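**Student:** Compute the structure for the input listed below.
(one chain, ligands or ions: 2)
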Amino acid sequence: MRDAKLYIVIPCYNEEAVLPETAKRLESLLSGMIQKGMVSRESRTVFVDDGSKDKTWSMIAELSRKNPLFQGIKLARNTGHQNALLAGLLSICEYCDCCISVDADLQDDIEKIPEFVAKFYEGCDIVYGVRSKRETDSWFKRFTARAFYKLMKLLGADVVENHADYRLMSRRAIEALAQFPEVNLFLRGMVRLVGFRTGTVHYERMERFAGESKYPLKKMLSFAFDGITSFSIQPIRLVWGLGVFVCVLAVAAAVYTLCARAFGVSVTGWSSLMISIWFLGGVQLVSVGVIGEYIGKIYKEVKRRPRYIIEESTLEDK
Ligand code: UDP
Ligand code: MG
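**Tutor:** Numbering: from 1, shown residues only. Ligands and ions are numbered 1, 2, ... in the order given. All right, here's what the predicted structure looks like:
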């Protein structure tokens, strides 16, 4: 197949500052690819407005009125990057042969899109965009990202290192992803579970073109924590191991205390008592917290609430 219908999906949250430039660059890229016969004339760029509070949606609606290459989906409220991306993927699935997801801020090099498509023609169902350099990220972001991937690996969850959500998926890969019913979304982990033939494209991560990051530290940490607890039950096992370890320590301490008593060594005991109370209290709180996190996840899953709600879409018009 040489004339695949390519859909580019872009989640946008308050992106009025970058949208005109992003649209301009994507238009020239996509129309260039169509002219060269790399992709079908029916290829499209779909912006998913994730409940923005600024002019993002009116800009998207305007773009789609002026140019048939652009389409838009408006979500009823802000549901987060992962949900917005899934909304886009599942909505376009029936129209496309393959789809590329990319952020609105031009941090991921869109000039690499033809390479993704080439890999698709070679037979890959999923192509991961992997950041080869992260020099534009702060050392803190690089350090925490590395620690996160290491921890995920250690805990037995399968993730592609330095891959965010810049990836190509074939239609059947999206159809497979649609079968995952979970509410706690961690797409880069879920996509690994889909299988099929995969490939990678390396690219350099650039500075955000304009506007500011919608992922401040707090959101980033919570996303990382979600990723870990959605994909690994090792932390709960660790709690169990920790409990056993502390019990062994407690037995040793008891034996020591009894011996000390038998041999008449007087133990004043205050410091050891305090240390053990604090230590055990800490271990218990951490354990309860970890277990609580999993119970919270189960609670969210069993409610089966919709992962996103579409308020408006231009997809049916075309
Ligand atoms: N985004 C979204 N909903 C949100 C937060 C972010 O759709 O609640 C989009 C945002 O518009 C961007 C992408 O997700 O296209 C990545 O966000 P951002 O660039 O702010 O994250 P960073 O690159 O700083 O990690
Ligand atoms: Mg960004």
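
**Student:** measure the closest residue to residue 211 other than its chain neighbours to ligand 1 for me?
**Tutor:** Distances taken as Cβ to Cβ, 6 or more residues apart in numbering put residue 17 closest to residue 211, at 3.9 Å, once the chain neighbours are dropped. (Each C-beta comes from the backbone N, C-alpha and C, glycine too.) In this view, residue 17 and ligand 1 are 11 Å apart by Cβ to the nearest ligand atom, to the nearest Å.

**Student:** Isn't residue 17 up against residue 210?
**Tutor:** Yes: using Cβ atoms under 8 Å, residue 17 is in contact with residue 210, at 4.1 Å.

**Student:** Name the single longest helix found in this structure.
**Tutor:** In the chain, assigned by DSSP state H, the helix with the most residues is helix 270-303.

**Student:** Now that one: buried residues?
**Tutor:** The neighbour-count check on helix 270-303 (16 or more other Cβ atoms under 10 Å) flags 287, 290, 297 as buried.

**Student:** Now the residue in the stretch 151-300 of the chain positioned nearest to ligand 2. Its backbone dihedrals?
**Tutor:** Per Cβ to the ion, residue 208 is where the stretch 151-300 of the chain lies closest to ligand 2, at 5.2 Å. Here is the backbone geometry of residue 208 (degrees, to the nearest 10): phi -60, psi 130.

**Student:** residues touching it, list them.
**Tutor:** When contacts are counted by Cβ atoms under 8 Å, 6 or more residues apart in numbering, residue 208 touches 18, 105-107.

**Student:** cool, residue 238 as well?
**Tutor:** Residues in contact with residue 238 (Cβ under 8 Å, 6+ apart) are residue 290.

**Student:** let's see it at 10 Å
**Tutor:** By Cβ atoms under 10 Å, 6 or more residues apart in numbering, residue 238 lies in contact with 155, 286-287, 290.

**Student:** tell me which of the contacts of residue 208 is nearest to residue 148?
**Tutor:** Distance to residue 148 across the contacts of residue 208 (Cβ to Cβ) is lowest for residue 107, with 17.9 Å.

**Student:** my read: that closest one touches residue 210, true?
**Tutor:** No: contact criterion Cβ atoms under 10 Å: residue 107 and residue 210 do not qualify, at 11.1 Å.

**Student:** can you pull out the strands in the stretch 1-150 of the chain?
**Tutor:** 6-12, 44-49, 70-75, 98-101, 126-133 (DSSP state E, counting those that start in this stretch).

**Student:** could these go into JSON lines alongside mean pLDDT, distance to residue 308 and mean neighbour count?
**Tutor:** As requested, those are exported to JSON lines (pLDDT from 0 to 100; distance: least, Cβ to Cβ, whole Å; neighbours: other Cβ atoms under 10 Å):
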{"stretch": "strand 6-12", "mean pLDDT": "95", "distance to residue 308": "10", "mean neighbour count": "26"}
{"stretch": "strand 44-49", "mean pLDDT": "95", "distance to residue 308": "9", "mean neighbour count": "27"}
{"stretch": "strand 70-75", "mean pLDDT": "94", "distance to residue 308": "5", "mean neighbour count": "24"}
{"stretch": "strand 98-101", "mean pLDDT": "96", "distance to residue 308": "15", "mean neighbour count": "26"}
{"stretch": "strand 126-133", "mean pLDDT": "88", "distance to residue 308": "22", "mean neighbour count": "20"}
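
**Student:** Check whether stretch 299-313 comes near ligand 1.
**Tutor:** No: using Cβ under 6 Å from any ligand atom, stretch 299-313 stays clear of ligand 1, with a minimum separation of 10.6 Å.

**Student:** any idea of the mean pLDDT in that stretch?
**Tutor:** Mean pLDDT, stretch 299-313: 87.
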